[in-house]
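Peer 1: no sequence for this one, just the structure:
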Ligand code: SAM
């Protein structure tokens, strides 16, 4: 599985920009059309927004033309993501001409980045709402109903939406995402996230457990704990991670870190598969890897972005680890969990990147032999430290050529890794019908690799043991040999 440039990781490419819909409440009279772009946190946030608005009289619709309110949940991570949203706003503008009572709101990272500039520049926008202000939507909607533009882009110290039960939009009924942290404190010099999503804060573990238990009751079989940097999770009663130092001794003694949270979730639902994303190498500790090894239901897969294999570039990116420390972490993961799959994010053409730096990236990839990869050409983002302090000096053709080289090597490694599964019997959770064949199921093994096999009498949501017979670089092909003990 290799993705390029514009599509954010852990996201089903086909979902980008999809309009989300949920079961209608017959008492609701207004129609909401909500479209999401970017990372899975955005899709998860749209579920929170839909839940808040369901209580305000809105049912979701997938027909843009009939909407009373159109919301677009936006991404700022690369320039291309923002250009896509601007194109969509043009489309909404055209529809608005035939339906003048329709209101349009921009949510998420672009809203936070551009703030009221949106109202001034994009005249079709009525409302701008940042990622921490969704609970204010009922007031903001009242403002626009009364003919005024509305903006709330205040970032919060403690908002985690822990008390909002998200509705599940476009769900397969098998896998769901559960947010555990918001914001990011890492200040990687290329990244816009700390500016658009604010400082890092963690969600109350009790509300996480409640959501997981509720998902199990509803028949879900797999959850992914979500955050920009999940390993940095730290609950000490609420508040920003950076303020932990000021916490009382009691708060510190009863605090919950990510390894502990993983164990709490794994024990609360021993048959539920647990995944998590994203891990930052500088924050991933041995106790997390040990917790993964201890519980069968924690999947053996870590998404561990590195961005570059060059120490000089890692430093310029403010990634707070070296190449050697990263290798040590990889060695520890493989020692403690030999069959653990590892994936990467990589950026080519960061300012000042030389051919030698690029070769360091290729040799790092050769050492790790990642199972998957998500690779991007550097895109300068306004307001980041790299934009303020460094020239975007690597020519576009060079960025592209280096990107092609790392994609090619990843493809080779992906095949090397999928071949390791051939001949084995692996547990697969069935997610749905294969896109290529109505007579085959599609599911994933613990390592997050897609497995395709004949349907026989098995059903969606079942855990099945599958004998792996063949592979491509992205997919395993096999046949079921019976239910797994987890079923
Ligand atoms: N929090 C994670 C981390 O620290 O690794 C991921 C953050 S981001 C939402 C996902 C990926 O987008 C990053 O890992 C990086 O590879 C890529 N990315 C972020 N900013 C970028 C930029 N300015 N240009 C190109 N790619 C970028």
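Peer 2: Yep, it's here. No experiment lies behind these values; they were computed from the predicted model shown.
Peer 1: neighbouring contacts of stretch 412-427?
Peer 2: Stretch 412-427 is contacted by residues 1-2, 341, 365, 369-373, 445-447, 449, 451, 463-476, 478, 481, 484, 486 when judged by CB atoms under 8 Å, 6 or more residues apart in numbering. The way it works is simple: take the backbone N, C-alpha and C, and place the C-beta from them, glycine included.
Peer 1: buried subset of those?
Peer 2: Among the contacts of stretch 412-427, those scoring as buried are 1-2, 341, 365, 369-373, 445-447, 449, 451, 463-466, 468, 471, 473, 475-476, 478, 484, 486 (criterion: 16 or more other CB atoms under 10 Å).
Peer 1: thinking again about what came up before, restricted to helices, list the contacts of stretch 412-427.
Peer 2: Counting by DSSP state H, the part of the contacts of stretch 412-427 found in helices is residue 365.
Peer 1: would you mind listing what in this protein touches the ligand?
Peer 2: For the chain, the residues in contact with the ligand (CB under 6 Å from any ligand atom) are 39, 77-78, 184, 186, 188, 190-191, 193, 228-229, 278, 280, 305, 307, 345, 347, 376, 378-379, 381.
Peer 1: can you turn the buried part of those into a PyMOL selection?
Peer 2: Applying 16+ other CB under 10 Å to these leaves a buried subset, and the PyMOL line that selects it is:
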select buried, resi 39+77+78+184+186+188+190+191+193+228+229+278+280+305+307+345+347+376+378+379+381
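Peer 1: mind checking what helix or strand follows the longest helix anywhere in the chain in sequence?
Peer 2: For the chain, the longest helix by residue count, based on DSSP H, is helix 396-419. Once the chain leaves helix 396-419, the next helix or strand it forms, by DSSP states H and E, is strand 425-433.
Peer 1: neighbouring strands - and their directions - for that following strand?
Peer 2: strand 440-444 (antiparallel), strand 463-471 (antiparallel) (DSSP bridges).
Peer 1: name the residues of that strand that are buried.
Peer 2: So strand 425-433, judged by 16+ other CB under 10 Å, has buried residues 426, 427, 428, 429, 430, 431.
Peer 1: which of those lies closest to the ligand?
Peer 2: Taking CB to the nearest ligand atom as the measure, residue 431 is the one of the buried residues of strand 425-433 closest to the ligand, at 23.3 Å.
Peer 1: quick one: residues contacting the closest one.
Peer 2: 172, 174, 175, 441, 442, 443, 444, 460.
Peer 1: and with 7 Å instead?
Peer 2: Under the criterion of CB atoms under 7 Å, 6 or more residues apart in numbering, the neighbours of residue 431 are 172, 174, 175, 442, 443, 444, 460.
Peer 1: between all of those, which two are separated the most?
Peer 2: Within the contacts of residue 431, 444 and 460 form the most distant pair, 12.9 Å apart (CB to CB).
Peer 1: looking at the two, which is more packed in?
Peer 2: Neighbour count, other CB atoms under 10 Å: between residue 444 and residue 460, residue 444 has more, with 22 against 18.
Peer 1: run through the bridge partners of the more buried one.
Peer 2: Beta-bridge partners, per DSSP bridges, of residue 444: residue 429, residue 450.
Peer 1: quick one: it and residue 429 touch, right?
Peer 2: Yes - at 6.2 Å, residue 444 counts as touching residue 429 under the criterion of CB atoms under 7 Å.
Peer 1: where does the stretch 1-150 of the chain dip in pLDDT?
Peer 2: Where the stretch 1-150 of the chain drops to pLDDT under 70, the residues are 1-15, 18, 20-24, 122.
Peer 1: which residues in it form helices?
Peer 2: For the stretch 1-150 of the chain, applying DSSP state H, counting those that start in this stretch gives helices covering 40-54, 79-98, 108-114, 117-121, 137-145.
Peer 1: columns distance to residue 335 and mean neighbour count on top of the ones you listed, output as JSON lines?
Peer 2: Output for these, formatted as JSON lines (distance: least, CB to CB, whole Å; neighbours: other CB atoms under 10 Å):
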{"stretch": "helix 40-54", "distance to residue 335": "30", "mean neighbour count": "22"}
{"stretch": "helix 79-98", "distance to residue 335": "38", "mean neighbour count": "15"}
{"stretch": "helix 108-114", "distance to residue 335": "38", "mean neighbour count": "26"}
{"stretch": "helix 117-121", "distance to residue 335": "50", "mean neighbour count": "14"}
{"stretch": "helix 137-145", "distance to residue 335": "48", "mean neighbour count": "17"}
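Peer 1: buried stuff in the longest helix of the chain?
Peer 2: In terms of neighbour count (16+ other CB under 10 Å), helix 396-419 has its buried residues at 398-399, 402-403, 405-407, 409-410, 413-414, 417-418.
Peer 1: measure residue 248 to residue 485 for me?
Peer 2: Distance, residue 248 to residue 485, using CB to CB, to the nearest Å: 45 Å.
Peer 1: let me redo that: residue 335
Peer 2: Counting by CB to CB, the gap from residue 335 to residue 485 is 26 Å.
Peer 1: need the max-distance pair from the buried residues of helix 396-419.
Peer 2: Longest span within these, CB to CB: 398 and 418, 30.6 Å.
Peer 1: next, residue 382: secondary structure please.
Peer 2: Assigned with DSSP: H, G, I helix; E, B strand; the rest coil, residue 382 falls in the coil class.
Peer 1: what is the end-to-end distance of stretch 344-359?
Peer 2: Terminal residues of stretch 344-359 lie 17 Å apart, using CA to CA, to the nearest Å.
Peer 1: per-residue pLDDT, the closest residue to residue 155 other than its chain neighbours?
Peer 2: In space, and not counting its chain neighbours, residue 155 is closest to residue 198: 3.5 Å by CB to CB, 6 or more residues apart in numbering. Confidence at residue 198, expressed as pLDDT, is 93.
Peer 1: thought residue 198 was touching residue 185?
Peer 2: No - taking contacts as CB under 7 Å, residue 198 lies outside contact range of residue 185: 9.6 Å.
Peer 1: returning to what we had before: and the residue nearest to residue 155, what is it in contact with?
Peer 2: By CB under 7 Å, 6+ apart, the neighbours of residue 198 are 132, 155, 156, 183.
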